[in-house]
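[1] with the input below, show me the fold.
(4 chains)
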2 protein chains.
Amino acid sequence: MGENIRELLKKNHLSVTDSRVQILDLFYHAPGALAHADIEKKTSDKIDRVTIYRTLQTFEEKGMIHTIPTSDNSVKYALCKDHCAEGHHHDNHVHFICNHCSKTICLDDVLVPEVKLPKGFAPLQSNMVVTGICNECR
Amino acid sequence: MGENIRELLKKNHLSVTDSRVQILDLFYHAPGALAHADIEKKTSDKIDRVTIYRTLQTFEEKGMIHTIPTSDNSVKYALCKDHCAEGHHHDNHVHFICNHCSKTICLDDVLVPEVKLPKGFAPLQSNMVVTGICNECR
DNA sequence: TACATAAATGCAATTTTGTTGCAAATAATA
DNA sequence: TATTATTTGCAACAAAATTGCATTTATGTA
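    Numbering: from 1, shown residues only, chains lettered A, B, ... in the order given. Alright, predicted model coming up:
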């Protein structure tokens, strides 16, 4: 597993550092999406707040993670699939937020449906977030 | 119009104060959704920042306005339609954010489509935000 | 209308969240 | 292993949001 993470970083032309490996590792083992605060807690003290901000920004720029818009407007991040490339995200799947365990889950197989917009509106990207009870909480 | 606003406040068992009337009035005349900062600018100095926070929170709790999840995670608010009740929102329409004028628009007539979720997931609410170019900017 | 009570507001202080510059530490490359 | 480029942590700062409390304002009643 450690090797996979190294490979992923190298593939994206990023140098392999402790912080980056640790944070990526968190994402791979996380049950759902992670907020900045989650990462800060789980790496307590070992990684500086600023480094976390910068690492998340770097990962996002490289198309390794994507942000998820939530209704309470806390920024959450989740791993992108392989077909996400630098500057060109394909996170066109539905996100699910559980009201019970409050996990944010990427439903990779559920694509955001197209909608018919009023005349004159040209869509570029669509986001969809569904809240409810997840499969583990019922 | 001023009377409408008074009525709306009374209907929701809220006392009629200057701040509340002013802020509601802003929403009625706004081209799209409003962020806290927008309200602060447009009421400059006349209403305290804290009062704005508390007013927005009150309005949301009463089901008079709803928050819109945006991809850059700036909190925006928009008026709810009549059928929104306290604690039970029905803002089941699609929101559109223009990349050009950056207005956030409620597409009241475009309903969020249902999606088929994986086994075990029970949906309660769905949100959909489409970004692109709006009808006025093209 | 005037009064008593309850609610809302403004201010100050504080906390949380996010950003920037720079020196020290670390990783990549030859 | 040495050199160079990148990354990190610290400190300072800026912005956004929250809390407690005294003052003000609105509401219902006499």
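[2] which stretches of chain A form helices?
    A:2-11, A:18-29, A:36-42, A:49-61 (DSSP state H).
[3] got the contact list for the residue in chain A sticking out farthest from the centre?
    In chain A, counting by C-alpha atoms, centre = their mean, A:Lys119 sits farthest out from the average C-alpha position, at 32.8 Å. Residues in contact with A:Lys119 (C-beta atoms under 8 Å, 6 or more residues apart in numbering or on different chains) are B:Asn135. All C-beta spots, glycine's among them, are computed from the backbone N, C-alpha and C.
[4] can you check what pLDDT the model gives it?
    pLDDT recorded at A:Lys119 is 96.
[5] also A:Tyr77?
    pLDDT, read off for A:Tyr77, is 95.
[6] beta partners for it?
    A:Leu34, A:Thr67 (DSSP bridges).
[7] need the contact list for it.
    For A:Tyr77, the contact set (C-beta under 8 Å, 6+ apart) comprises A:27, A:33-35, A:56, A:59-60, A:65-68.
[8] how about a cut-off of 6 Å?
    By C-beta atoms under 6 Å, 6 or more residues apart in numbering or on different chains, the contact list for A:Tyr77 reads A:34, A:56, A:65, A:67.
[9] find the nearest non-adjacent residue to A:Glu136, please.
    A:Cys101 (6.9 Å; C-beta to C-beta, 6 or more residues apart in numbering or on different chains).
[10] sorry, back to before: would a markdown table of the contacts of A:Tyr77 with neighbour count, pLDDT and distance to B:Pro113 be doable?
    As requested, the contacts of A:Tyr77 are exported to a markdown table (neighbours: other C-beta atoms under 10 Å in any protein chain shown; pLDDT from 0 to 100; distance: C-beta to C-beta, whole Å):
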| residue | neighbour count | pLDDT | distance to B:Pro113 |
| --- | --- | --- | --- |
| A:Leu34 | 24 | 95 | 28 |
| A:Leu56 | 20 | 97 | 31 |
| A:Ile65 | 26 | 95 | 27 |
| A:Thr67 | 18 | 91 | 23 |
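[11] need those residues in TSV with distance to DNA strand D, can you?
    Shown next, in TSV, are the contacts of A:Tyr77 (distance: C-beta to the nearest atom of the strand, whole Å):
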residue	distance to DNA strand D
A:Leu34	17
A:Leu56	10
A:Ile65	15
A:Thr67	16
